[in-house]
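Participant: Next input, structure requested:
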Amino acid sequence: MKEIRVAIAGVGSCSSALVQGLQYYKQTGDSSNVLGLMHPVMGGYRISDIRFVAAFDVNAKKIGMDLSEAIFTEPNDCVRFSDVDRLGVKVLPGPILDGVAPHMKEPFDAYDESKIKPVDVANALRDAKADMLLNYLPVGSKLGTRHYAEACLKAGSAFVNCIPEFIASDETWATKFSDAGLPVAGDDIKSQVGATILHRTLVSLFQQRGVRVDKTYQLNLGGNTDFLNMTSEKRLSSKRISKTEAVTSLIPYSVPTRIGPSDYVPFLGDRKICYIYLKGNKFGGVPIEVEVKLTVEDSPNSAGVVVDVIRATKIALDRRVSGPLESISSYSFKHPPVAVPDDVARKWVEGYVSGERER
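Facilitator: Here you go, the predicted model:
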């Protein structure tokens with residue numbers, strides 16, 4: 001049987017949504033009714049071909065648990081939309097490094113480093129024969145992200161970077177993966193229909209209709225641990241860059257912006273509320289304003305996108321493509337190696353999946 005062997009770094013709510021989703025769609029086969037995916041089958045791979053083989057976390061409660069149980073352990077608050085069969089994958093203690101901010105030690109229930117020794121990630125990936133590792137560490141984990149990326153290079157596993165630390169879009173790291181003969185995809189995953197893709201769509205509409213964007217903002221509120229983590233401005237500097245450039249890369253002139261996480265509202269839980277505003281000038285210099293409110297369950301919003309990225313990365317492994325995967329990265333991530341309009345990126349992906357050479 002064809003399978004895609006996937007490891008996860010960070011067993012949080014986003015991982016929960018992904019693992020639940022694979023169980024939810026387990027019996028879909030080639031059905032065209034699979035919501036949230038580009039195609040039910042991509043490069044010959046179905047969603048049911050994805051198999052989790054390793055998981056790493058720092059939460060003392062999750063360590064040693066089966067992955068199927070750990071995804072429902074606090075502080076995870078992803079909506080439970082599917083029961084999950086036991087997976088036979090024990091959550092291993094990953095290195096803490098900068099993955100736990102001082103104000104997050106209690107919410108994350110980080111293990112005591114004097115009592116528990118982190119595993120050698122590269123060895124664990126080799127033992128699991130992992131095709132790739134998904135990086136779901138908390139925002140601001142600069143050292144942690146690089147530690148896992150380096151472990152992939154040592155283990156011979158591809159790296160999928162779902163958070164706003166720059167690996168695929170960094171020339172130095174891109175070269176490392178190219179030299180190692182391994183693909184890398186990233187950085188900072190987009191949602192199926194989230195704040196970034198909606199904001200980009202509105203900006204593209206203004207551009208296509210000849211409206212000059214004068215100023216714009218995107219304010220995001222949420223109540224999960226991601227938003228609590230980002231109450232420290234030091235943790236989210238790369239997040240602001242990623243989200244801002246995802247929008248401004250479509251505008252060929254300088255525009256005043258304020259884009260990114262705005263506040264933590266505990267009672268919202270995993271619900272995310274986004275406010276988007278654009279002010280522009282149309283024919284005759286007459287002003288136009290657009291205000292939009294978007295409300296979503298945050299964690300499940302990117303799971304389907306990650307499923308497509310996993311399969312695109314496996315295709316790269318099969319074809320021995322190395323270095324940054326520009327097509328799927330441009331379509332699926334906020335800060336890709338090459339930023340293009342979304343319709344162009346989708347054409348790139350469709351061509352790549354159908355057998356064309358990766359860009």
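
Participant: Show me the helices in the stretch 151-300 of the chain, by range?
Facilitator: Applying DSSP state H, counting those that start in this stretch to the stretch 151-300 of the chain gives helices spanning 171-180, 195-208, 225-229, 237-248.

Participant: need those helices in CSV with mean pLDDT and distance to Tyr24, can you?
Facilitator: Any C-beta I mention is one placed from the backbone N, CA and C, and that applies to glycine too. Below are the helices of the stretch 151-300 of the chain laid out as CSV (pLDDT from 0 to 100; distance: least, C-beta to C-beta, whole Å):
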stretch, mean pLDDT, distance to Tyr24
helix 171-180, 98, 32
helix 195-208, 97, 22
helix 225-229, 96, 22
helix 237-248, 94, 28
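
Participant: Which of those helices sits closest to Ala60?
Facilitator: helix 225-229 (15.2 Å; C-beta to C-beta).

Participant: can you give me how far that closest one is from the chain middle?
Facilitator: 15 Å (C-alpha atoms, centre = their mean, to the nearest Å).

Participant: before we move on, what about stretch 61-73?
Facilitator: Worked out by C-alpha atoms, centre = their mean, stretch 61-73 lies 21 Å from the chain centre.

Participant: So which bits of it are buried?
Facilitator: Lys61, Lys62, Ile63, Met65, Asp66, Leu67, Ser68, Ala70, Ile71, Phe72, Thr73 (16 or more other C-beta atoms under 10 Å).

Participant: Can you lay out those as a markdown table showing secondary structure?
Facilitator: A markdown table is the format used below for those (DSSP: H, G, I helix; E, B strand; the rest coil):
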| residue | secondary structure |
| --- | --- |
| Lys61 | coil |
| Lys62 | coil |
| Ile63 | coil |
| Met65 | coil |
| Asp66 | strand |
| Leu67 | helix |
| Ser68 | helix |
| Ala70 | helix |
| Ile71 | coil |
| Phe72 | coil |
| Thr73 | coil |
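
Participant: quick check, nearest of the residues you listed to Asp120?
Facilitator: Ile63 (15.3 Å).

Participant: what's the residue lying closest to that closest one once chain neighbours are set aside sitting at in phi/psi?
Facilitator: Closest residue to Ile63 apart from its sequence neighbours, by C-beta to C-beta, 6 or more residues apart in numbering: Pro93 at 5.0 Å. Dihedral pair for Pro93: phi -70, psi 110, per degrees, to the nearest 10.

Participant: what's Pro93 in contact with, if anything?
Facilitator: By C-beta atoms under 8 Å, 6 or more residues apart in numbering, the contact list for Pro93 reads Phe56, Asp57, Val58, Ile63, Tyr111, Ile116, Lys117, Pro118, Val119.

Participant: quick one: it and Ala345, what's the gap?
Facilitator: Between Pro93 and Ala345 the distance is 37 Å, computed by C-beta to C-beta, to the nearest Å.

Participant: ditto for Asp127
Facilitator: 36 Å.

Participant: Between those two, which is the more surrounded one?
Facilitator: Ala345 (22 against 13; other C-beta atoms under 10 Å).

Participant: Please read off the pLDDT at the residue of the chain most remote from its centre from the model.
Facilitator: The C-alpha centroid of the chain is most remote from Gly284, which lies 41.6 Å away (C-alpha atoms, centre = their mean). On the pLDDT scale, Gly284 is placed at 96.

Participant: any idea of the angle the host helix or strand of Ile310 forms with helix 195-208?
Facilitator: Following DSSP states H and E, one finds Ile310 within helix 303-319. When axes from the mean of the first three to the mean of the last three C-alpha atoms, to 10 degrees is applied, the directions of helix 303-319 and helix 195-208 differ by 90 degrees.

Participant: Next, count neighbours for Asn301.
Facilitator: For Asn301, the count of nearby residues is 22 (other C-beta under 10 Å).

Participant: I'd guess it is in a helix, am I close?
Facilitator: Yes. Assessed by three-state DSSP, Asn301 belongs to a helix.

Participant: got a list of what it touches?
Facilitator: So Asn301 contacts Ser191, Gln192, Val193, Gly194, Lys272 (C-beta under 8 Å, 6+ apart).

Participant: swap the cut-off to 6 Å and go again
Facilitator: Shown in contact with Asn301 (C-beta atoms under 6 Å, 6 or more residues apart in numbering): Ser191, Gln192, Gly194.

Participant: Next, work out how far apart the closest residue to it other than its chain neighbours and Gly36 are.
Facilitator: The shortest distance from Asn301 to any non-neighbouring residue, by C-beta to C-beta, 6+ apart, is to Ser191 (3.8 Å). The gap separating Ser191 from Gly36 is 10 Å, by C-beta to C-beta.
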